[in-house]
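> predicted model and sequence follow; I will ask about them next.
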Amino acid sequence: MQDLLDQELDRIDKLPKLGLQWVEYSAYALGVNIAPRKRSSKYCRLTRSVVVIVNLSIIYSLVAFIMENYHVSFETYVEAVLLTFQLSVGVVKMFHFQSFVDSCSQLVYSTEAGEVLKSLGLFDLDLPKKQDLLKSLRLILLNNWLIIDRQVMFFFKIVTMPVLYYTLRPYFQYIFDCYIVKDTCVMTLTYPAIVPYVQLGKYEFPSYVIRFFLLQSGPLWCFFAVFGFNSLFVVLTRYESGLIKVLRFLVQNSTSDLLVPKDQRVKYLRCCVRLFSRIKSHHNQVENVFKYVILVQCCVSSILICMLLYKISTVLEVGWVWMGMIMVYFVTITLEISLYNLSAQKVETQSELLFQDWYNCNWYNESKEFKFMIKMMLLFTRKTFVLSVGGFTNLSHKFLVQVFRLSANFFLLLRNMNNK
């Protein structure tokens, strides 16, 4: 028979989670099924093949444009360079997460179903106010999911802006040229690229329409890769910080006369130790999946921020027409790299507070076994939960500032080289 906490976790599992749902859809659109209990993986291999072929075709077209205009000026092909990096990172992410698809699906299931908190044995103890304890834990978990949904959907709206811009730009350009300026009525491509084709008499293969919509799909693939996999990190790490909040609440009340009787405190503390072990295992799984792809993301984001700063400087000299679009793109890239650091910093902060909670509970008035477990947990929690960047450094506010500083230095170097 399930205990009260397991029943509550099953009810939370059935609640709609909009943020996680969109993360699953975005990954599935790239052929990576991170929720196999909800949808089939039957056509995922075919989807991945199509996505890879289309993305490589777009990347080839962008590189062809860069090579064609390499000797003109950097301002001419900087947008193509930005899109090439973004699409390339998307393909790398797709292959990376497909190689870790079993770990990802296990983490998503564990997060949504609350497997870390199940079968703790906490509510099998003879506690006087189980309903009050359950209510407090339910409130922490529901508030945590509410925060996750808000953050993920906020990022969804930000990432949608540059996608809409690139998708709608050729149509607005056509209306402006044809009906306002009345100069020419030719539909331009979505962004600067040279798509190869074969001329067969009067016909082109592939046709201009196919080439047009091929490039139109590029921003969508960027959206799925940027939003899907980055938001997955947010969901997993924010959920982990929520688990640490639950553990902190349990530790803080481990010596409470109202919630935990004197004769039940050793067993109660064992449940807390068991929960800590499960959270640590969850943390190690998340780090194993993300630590190398985060390194790639940070390096590419530094380059993209540098190029966007350069693009902004050229727009300031030419005009303010495209400033809105570039600023949206700039905000998207900076928010993309910030999400990793802010979410990881949240986990680290909660783990630091957990160490204080172990020490600040009234353990000195308890039994020898209780004191021994507290001493052991103080040793284990002295090392906080951090998420590494490829094993070189850790994600944090400090690292985020270093990334922005490095991008600014690259921008100044690029600007000085171009002026010479």
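Here it is on my side, so go on.
> after the host helix or strand of residue 355 comes which helix or strand?
With elements taken from DSSP states H and E, the one containing residue 355 is helix 323-360. The element immediately downstream of helix 323-360 (helix or strand, assigned by DSSP H and E) is helix 368-380.
> could you export that following helix as PDB, CA atoms only?
Included here for helix 368-380 are C-alpha records, laid out as PDB according to Å, rounded to 0.1, in the frame of the first residue of the first chain:
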ATOM      1  CA  LYS A 368      24.500   9.300  20.100                       C
ATOM      2  CA  GLU A 369      23.200   7.700  16.900                       C
ATOM      3  CA  PHE A 370      21.500  11.000  15.900                       C
ATOM      4  CA  LYS A 371      24.600  13.000  16.600                       C
ATOM      5  CA  PHE A 372      26.700  10.500  14.600                       C
ATOM      6  CA  MET A 373      24.500  10.800  11.500                       C
ATOM      7  CA  ILE A 374      24.600  14.600  11.800                       C
ATOM      8  CA  LYS A 375      28.400  14.600  11.900                       C
ATOM      9  CA  MET A 376      28.500  12.300   8.800                       C
ATOM     10  CA  MET A 377      26.100  14.500   6.900                       C
ATOM     11  CA  LEU A 378      28.100  17.600   7.800                       C
ATOM     12  CA  LEU A 379      31.100  15.900   6.200                       C
ATOM     13  CA  PHE A 380      29.200  14.900   3.100                       C
END
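> the helix holding residue 355 packs against which elements?
Other elements packing on helix 323-360 under the criterion 3 or more C-beta pairs under 8 Å, 6 or more residues apart in numbering; DSSP states H and E are helix 130-175, helix 218-252, helix 265-318, helix 368-380, helix 397-419. Glycine gets a C-beta too; all of them are placed from N, C-alpha and C.
> of all the ones you listed, which one comes closest to residue 389?
If you check each of the helices and strands packed on helix 323-360 against residue 389 by C-beta to C-beta, helix 265-318 wins as the nearest, at 5.1 Å.
> now do the closest one against helix 397-419: the angle between them, please.
Interaxial angle of helix 265-318 relative to helix 397-419 (axes from the mean of the first three to the mean of the last three C-alpha atoms, to 10 degrees): 20 degrees.
> pLDDT value on the residue nearest to residue 327 when sequence neighbours are not counted, please?
Distances taken as C-beta to C-beta, 6 or more residues apart in numbering place residue 312 nearest to residue 327, at 7.5 Å, with adjacent residues excluded. What the model reports for residue 312 is a pLDDT of 72.
> okay, now residue 312: neighbour count?
By other C-beta atoms under 10 Å, 16 other residues sit near residue 312.
> how about residue 202?
Per other C-beta under 10 Å, the neighbour tally for residue 202 reads 5.
> centre of the chain to the helix holding residue 355, how far?
In this view, helix 323-360 has its centroid 11 Å away from the chain centroid, taken as C-alpha atoms, centre = their mean, to the nearest Å.
> stretch 194-211 now?
Per C-alpha atoms, centre = their mean, the displacement of stretch 194-211 from the mean C-alpha position of its chain is 38 Å.
> residues of that stretch that come out buried?
By 16 or more other C-beta atoms under 10 Å, the buried positions in stretch 194-211 come out as 194, 195, 211.
> among those, which are in helices?
For those, the ones inside helices are residue 211, with DSSP state H as the criterion.
> for the buried residues of stretch 194-211, give me TSV that also has distance to residue 184 and pLDDT.
Putting the buried residues of stretch 194-211 into TSV (distance: C-beta to C-beta, whole Å; pLDDT from 0 to 100) gives the following:
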residue	distance to residue 184	pLDDT
194	20	84
195	20	84
211	19	85
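> name the nearest residue to residue 370, sequence neighbours excluded.
For residue 370, ignoring the flanking residues on the chain, the nearest one in space by C-beta to C-beta, 6+ apart is residue 266 at 5.5 Å.
> where does this protein dip in pLDDT?
Per-residue confidence of the chain (counting by pLDDT under 70) places the weak regions at 1-2, 74-75, 314-325, 418-420.
> re earlier: how about the residue nearest to residue 370, what does it touch?
Applying C-beta atoms under 8 Å, 6 or more residues apart in numbering, we find residue 266 in contact with 367, 369, 370, 373.
> and which of these is nearest residue 44?
The shortest approach to residue 44 among those belongs to residue 373, at 45.6 Å (C-beta to C-beta).
> could you find the closest non-adjacent residue to that closest one?
With C-beta to C-beta, 6+ apart as the criterion, residue 373 has its nearest non-adjacent residue at 5.3 Å, and that residue is residue 269.
> what about the one you found, distance to residue 371?
Residue 269 sits 10 Å away from residue 371, taking C-beta to C-beta, to the nearest Å as the criterion.
> and these two? which has more neighbours close in?
Per other C-beta under 10 Å, whichever of residue 269 and residue 371 has more neighbours is residue 269, with 25 against 13.
> ok, residue 112 touching residue 23?
No - counting by C-beta atoms under 8 Å, residue 112 stays clear of residue 23, with 10.7 Å between them.
> looking at these two, which is more packed in?
When residue 112 and residue 23 are compared for neighbours, residue 23 comes out ahead with 27 against 23, by other C-beta under 10 Å.
> list the contacts for that one?
Applying C-beta under 8 Å, 6+ apart to residue 23 gives the contacts 34, 152, 227, 228, 231, 232, 235.
> what number of residues lie near residue 364?
Other residues lying near residue 364 total 9 when counted by other C-beta under 10 Å.
> please apply the same query to the one 10 residues further on.
The number of residues packed around residue 374, counting by other C-beta under 10 Å, is 21.
> residue contacts, the residue nearest the centre of the chain?
For the chain, the residue nearest the mean C-alpha position is residue 230 (1.8 Å; C-alpha atoms, centre = their mean). If you count contacts by C-beta under 8 Å, 6+ apart, residue 230 has them with 155, 297, 336, 339, 340.
> kindly reformat those as a markdown table containing neighbour count and distance to residue 124.
Rendered in a markdown table, the data for those read as follows (neighbours: other C-beta atoms under 10 Å; distance: C-beta to C-beta, whole Å):
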| residue | neighbour count | distance to residue 124 |
| --- | --- | --- |
| 155 | 22 | 40 |
| 297 | 22 | 43 |
| 336 | 22 | 44 |
| 339 | 19 | 39 |
| 340 | 25 | 39 |
